[in-house]
Each structure stands twice: as C-alpha cells, then as structure tokens.
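Chemist: no FASTA, just this:
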Ligand code: MRU
C-alpha cells in the first residue's frame with residue numbers, strides 16, 4: 001500500500017501501528033512523507049514541517065513518544081535546503097535509537113529474572129510495539145537469550161485483545177512458552193500459578209513515576225501488591241514526561257463505544273446502552289517496584305531517580 005501522511009495518521013488512529021515507541025517512529029516517517037507529497041507544489045520549509053507535525057500530533061493523545069518524536073522532527077534544519085534528506089536522516093535515527101534502547105532495556109531488565117520465573121504481562125509491549133525487540137517483552141527475550149527458562153501469562157487485553165493477538169503471537173513465534181488468560185483471570189493466576197513478576201510497558205510516565213499504560217494495568221498493579229508480587233514498568237526515557245508533576249495530568253484517550261459493544265466481531269451489548277471505553281489508565285507510582293529504562297532501573301522515590309535519568313539523557 002502506498003502511504004502518505006494521511007495514511008500514517010489513519011494507521012496510528014486505528015491502531016494498525018500502535019505501542020508508544022512504534023507510534024513515534026511511524027510519525028517521524030510520516031513527516032518525511034508529508035514533505036515528499038508536496039514536492040513540485042510547495043518548496044519545503046520549517047513551516048511545512050511544522051504543519052505536518054501538528055497534523056500527526058492529533059492522531060492519538062496519550063503516548064508521549066508521539067510528541068517526543070514530532071518535536072525531534074520539528075527541530076530538524078536543512079541548511080542546504082534538502083529537507084527530505086534531513087528529515088529522513090532524523091527519522092532513521094529515531095528508529096535506530098529505538099532498536100538500541102529496546103536492547104538495553106532488555107539487558108537491564110533481564111537481571112531481575114531467574115530461570116523458572118513466571119512473568120505476567122498486559123497488552124503488547126514487544127517487537128510489535130517498537131522498532132526493536134520491545135520493552136516489557138525485551139526483558140523476557142533477553143533473559144531467554146541468557147539461557148533462563150521463562151514462562152509468560154499474557155492478559156488478552158480487552159477490548160482490542162493486543163495481549164492475545166500480538167503478545168501471544170510474537171512470544172510463541174519466538175519459542176517462549178506463553179499462556180493467554182482473560183483479563184479477569186489475573187488475580188487467580190497470581191495466587192495459584194506462581195507469578196514471580198508483573199512487567200508492563202508504558203505510554204507516558206509523569207515526574208513522580210505515575211505511569212499511563214493500557215487500560216487494566218492499574219488493576220494489575222493493585223493485585224500484584226496484594227499478592228506480594230513485584231510490579232515493574234519497562235519503558236524508554238522517551239516515554240518520560242517530566243513536565244507533568246503527576247499522572248492525573250496525563251491525557252487519557254477515550255475510544256469508540258463500538259470497540260466494546262462489538263468487541264468480538266458482533267454485538268455483545270444491548271443497543272443504546274452507555275459505554276465507557278478509556279484506552280489507558282494510570283498506575284500510581286506507589287505500586288511500581290521499579291521502572292526499567294535503557295539507562296538502568298529507576299527506583300522510588302521517582303521524583304529523584306527519574307530526574308537523574310533525564311540528566312543522563314542530556
Ligand atoms: O492502544 P495501544 O495498543 O497503542 O496501547 C499500547 C500500550 O499500552 C503499550 O503497553 C505501551 O504503548 C508500551 S509499548 C512498548
């Protein structure tokens with residue numbers, strides 16, 4: 001399929017490309033396409049780049065990686081006027097950096113896992129959500145590559161089933177034993193199946209460590225606390241939004257009612273019934289044991305550890 005900026009916007013909106021880092025990478029290439037499609041009609045300049053970035057920024061509100069990547073694209077300059085080449089080089093850097101960042105998240109996180117461990121995860125924070133091997137799943141892949149035997153429970157992740165459609169697909173393809181559970185089975189699995197660790201991704205992490213991720217993550221974190229199971233978030237530092245003091249300030253996307261009323265392909269809720277379909281929730285920092293980043297594992301108090309990480313980035 002030929003892809004122009006509009007198609008990239010649509011792909012992000014309807015989740016053909018989803019997962020915070022992948023959204024950022026796709027948007028970066030979307031900016032290149034935006035400039036290319038104007039060729040012959042309009043001389044590219046910073047104003048055009050800004051217009052395209054502003055447009056792509058309206059696709060989804062929660063994952064800060066989208067805005068982070070678009071800010072990088074906005075900051076590109078083309079002293080010799082070759083905007084296409086300059087923007088393409090930046091998009092390629094964003095993609096390549098994400099691959100390396102995923103690898104490093106895996107390396108740091110793998111230290112938390114021992115052979116025989118059972119990991120519970122939610123949504124998809126794997127290769128299908130990034131340009132590399134993922135964030136939460138990178139930890140699993142890295143541990144397995146070190147020769148550790150790891151098994152995974154994947155929440156199916158209603159309403160769109162990223163856990164069962166994506167996480168279970170990519171783990172089983174990689175030979176990692178995975179069991180899909182309905183979201184409401186997580187408590188029983190934690191109590192009865194020896195879950196060692198919960199690891200999820202994140203879409204935006206506030207300065208105090210509150211972390212937005214796929215709806216249902218907050219509940220899992222509470223369940224993990226109740227069962228004495230460590231709860232880790234794995235995310236690149238591009239997911240940090242230190243401009244927000246706490247998670248209550250993170251914009252939470254609400255999606256179409258149809259995803260819930262017709263979630264499994266046919267109507268499952270009565271016509272006319274009210275539907276509430278937030279795509280994300282915010283896990284308060286007090287439930288998070290550690291945040292696994294490419295620069296190491298941040299521990300509470302996150303106000304201090306995340307600021308320190310941000311300084312490492314500068
Ligand atoms: O709505 P989605 O599928 O884009 O939600 C994705 C998630 O919540 C992921 O866990 C998050 O983006 C981290 S991906 C490495």
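Modeler: Received it, and whenever you're ready, just let me know what you need. Computed from a prediction, not measured in an experiment: that's the story for all the values here.
Chemist: tell me how far stretch 174-194 is from the chain's mean position?
Modeler: 21 Å (Cα atoms, centre = their mean, to the nearest Å).
Chemist: Figure out the length between the terminal residues of that stretch.
Modeler: 23 Å (Cα to Cα, to the nearest Å).
Chemist: Sort out which residues of that stretch are buried, please.
Modeler: 174, 176, 178, 180, 181, 183, 185, 186, 189, 190 (16 or more other Cβ atoms under 10 Å). Placement of C-beta: from N, CA and C, glycine included.
Chemist: Let's see which of these end up in helices.
Modeler: Using DSSP state H, 186, 189, 190 are the members of the buried residues of stretch 174-194 that sit in helices.
Chemist: Could you single out the nearest of these to the ligand?
Modeler: Nearest to the ligand, judged by Cβ to the nearest ligand atom, of those is residue 186 at 15.1 Å.
Chemist: who's in contact with residue 245?
Modeler: 206, 207, 208 (Cβ atoms under 8 Å, 6 or more residues apart in numbering).
Chemist: who in the protein is up against the ligand?
Modeler: The chain comes close to the ligand at residues 15, 18-21, 63, 123, 125, 129-130, 134-135, 162, 200-203, 213-214, 279, as judged by Cβ under 6 Å from any ligand atom.
Chemist: Tell me the buried residues within these.
Modeler: Neighbour counting over the residues of the chain next to the ligand (16+ other Cβ under 10 Å) leaves 18-21, 63, 123, 125, 129-130, 134-135, 162, 200-203, 213-214, 279 as the buried ones.
Chemist: low-confidence ranges in the stretch 201-314 of the chain?
Modeler: Within the stretch 201-314 of the chain, the ranges that satisfy pLDDT under 70 run 313-314.
Chemist: distance of the residue of it found nearest the ligand from residue 261?
Modeler: Nearest residue of the stretch 201-314 of the chain to the ligand (Cβ to the nearest ligand atom) works out as residue 201 at 2.7 Å. With the distance defined as Cβ to Cβ, to the nearest Å, residue 201 ends up 27 Å from residue 261.
Chemist: same deal with residue 171?
Modeler: Noted for residue 171: a distance of 30 Å to residue 261, by Cβ to Cβ.
Chemist: same check, this time on residue 91
Modeler: Distance from residue 91 to residue 261, by Cβ to Cβ: 37 Å.
Chemist: okay, the two: which has more neighbours?
Modeler: residue 91 (24 against 18; other Cβ atoms under 10 Å).
Chemist: is it fair to say the more buried one lies in a helix?
Modeler: Yes: assessed with DSSP: H, G, I helix; E, B strand; the rest coil, residue 91 lies in a helix.
Chemist: which one is it nearest to, not counting chain neighbours?
Modeler: Spatial nearest neighbour of residue 91, excluding adjacent residues (Cβ to Cβ, 6 or more residues apart in numbering): residue 28 at 3.9 Å.
Chemist: I figured the one you found hits residue 89, correct?
Modeler: No: Residue 28 lies out of contact with residue 89 (Cβ atoms under 8 Å); the separation is 10.7 Å.
Chemist: Between those two, which has more neighbouring residues?
Modeler: Using other Cβ under 10 Å as the criterion, residue 28 and residue 89 rank with residue 28 on top: 28 against 13.
Chemist: if I pick that one, what's in contact with it?
Modeler: 69, 70, 72, 73, 90, 91, 94, 95.
Chemist: Then residue 83?
Modeler: Residue 83 makes contact with 35, 44, 45, 48, 49, 76, according to Cβ under 8 Å, 6+ apart.
Chemist: tell me which strands and helices the helix or strand that contains the fourth one is in contact with?
Modeler: In other words, residue 48. Assigned by DSSP states H and E, residue 48 falls within helix 46-56. Packing partners of helix 46-56 (3 or more Cβ pairs under 8 Å, 6 or more residues apart in numbering; DSSP states H and E): helix 5-13, helix 20-36, helix 64-74, helix 83-110.
Chemist: The shortest one vs helix 20-36, what angle?
Modeler: Following axes from the mean of the first three to the mean of the last three Cα atoms, to 10 degrees, one obtains 170 degrees for the angle between helix 5-13 and helix 20-36.
Chemist: So what's the model's average confidence on helix 5-13?
Modeler: Across helix 5-13, pLDDT averages out at 97.
Chemist: No more questions from me, cheers.
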